[in-house]
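Enquirer: no sequence for this one, just the structure:
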């Protein structure tokens, strides 16, 4: 693998991410990656509209463990390259880019941790590499296609309003300006933390991904994300390794999905918390504990 130099961070942000940083060429784009530690690989993947920064508290909790934490930024977000064509943002495309990273890093005996879109993107990539994953930690995400009777959330219906959604997402800095609204503790994303999430998307030209990823959520059973989500579900339901789920019950986006997931995964261990959607900011300790349990159970 050819490591490319990482972008320079502003002086106020750099101390908050004291990790090894580099970029990797994936499918014509440069993906920004942060790492901590040595040992068994743990791939921690964020969703929309965040970046690897979301896992910094979890990484702090796991410092000193025999684990190699790998925290990439999805293409279009964070400090990865940002395609200007919204059509680049398809679930299969993101899975292909992540799969290229997994292959280049030669990750084996992998624990995967996924939240929001990070869950399906990582699972779709690993569905093509099923022997690589030996442990799974699920955080407020979905693992499969919607049920026939599903109804899109208000947020995702809004994302499809012509012109209005383009203006609000593109010009007003949505949804990162409202990230605190989906938290159990709204103060968990404020001040310098909110600034850190907004900084990579401060330019209008770089703001294609948040809306495109919102529209990547199915609004019908004929949506192009439905088929790859089916592959994710097949992988998880057939997975024989340990699964640990940490769930934020106060998540207005996906909170109610947790009980359905519990029925789907009767052998998984569930930890229910009062956190919101970006639970890594509120309950990093229980997430780190889940990683440790999965590591111990599959070593």
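Expert: On my side now, so go ahead. Here the structure is a predicted model, which is why all the values come from computation and not from measurement.
Enquirer: Please enumerate the strands of the stretch 151-299 of the chain.
Expert: 243-248, 269-273 (DSSP state E, counting those that start in this stretch).
Enquirer: Of all those strands, which one is nearest residue 258?
Expert: strand 243-248 (4.2 Å; Cβ to Cβ). No exception for glycine: its C-beta is placed from N, CA and C like everyone else's.
Enquirer: and residue 237, how many residues sit next to it?
Expert: Using other Cβ atoms under 10 Å, residue 237 has 11 neighbouring residues.
Enquirer: Need the winner for burial among the strands of the stretch 151-299 of the chain.
Expert: Ranked by mean neighbour count, the strands of the stretch 151-299 of the chain are led by strand 243-248 with a mean of 24 (mean count of other Cβ atoms under 10 Å).
Enquirer: Can you list the strands that it pairs with?
Expert: Paired with strand 243-248 in the same sheet, following DSSP bridges, are strand 133-139 (parallel), strand 269-273 (parallel).
Enquirer: Out of those, the one nearest residue 213 is which?
Expert: That would be strand 133-139 among the strands paired with strand 243-248, by Cβ to Cβ, at 16.9 Å.
Enquirer: on that earlier part again, as a markdown table, the strands of the stretch 151-299 of the chain with mean pLDDT and distance to residue 58 would be great.
Expert: Output for the strands of the stretch 151-299 of the chain, formatted as a markdown table (pLDDT from 0 to 100; distance: least, Cβ to Cβ, whole Å):
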| stretch | mean pLDDT | distance to residue 58 |
| --- | --- | --- |
| strand 243-248 | 99 | 10 |
| strand 269-273 | 99 | 13 |
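Enquirer: Could you save those strands as a markdown table and add columns showing distance to residue 22?
Expert: Rendered in a markdown table, the data for the strands of the stretch 151-299 of the chain read as follows (distance: least, Cβ to Cβ, whole Å):
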| stretch | distance to residue 22 |
| --- | --- |
| strand 243-248 | 28 |
| strand 269-273 | 32 |
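Enquirer: Which among the strands paired with strand 243-248 is found nearest to residue 190?
Expert: Of these, the one closest to residue 190 (Cβ to Cβ) turns out to be strand 269-273, at 19.4 Å.
Enquirer: now the closest one, how far from the chain's geometric center?
Expert: Centroid separation between strand 269-273 and its chain, computed with Cα atoms, centre = their mean, to the nearest Å, is 18 Å.
Enquirer: quick one: contacts of that strand?
Expert: If you take Cβ atoms under 8 Å, 6 or more residues apart in numbering as the criterion, strand 269-273 is touched by 184, 242-249, 258, 262, 279, 282-283, 286, 289-290, 293.
Enquirer: That concludes my questions; thank you for your assistance.
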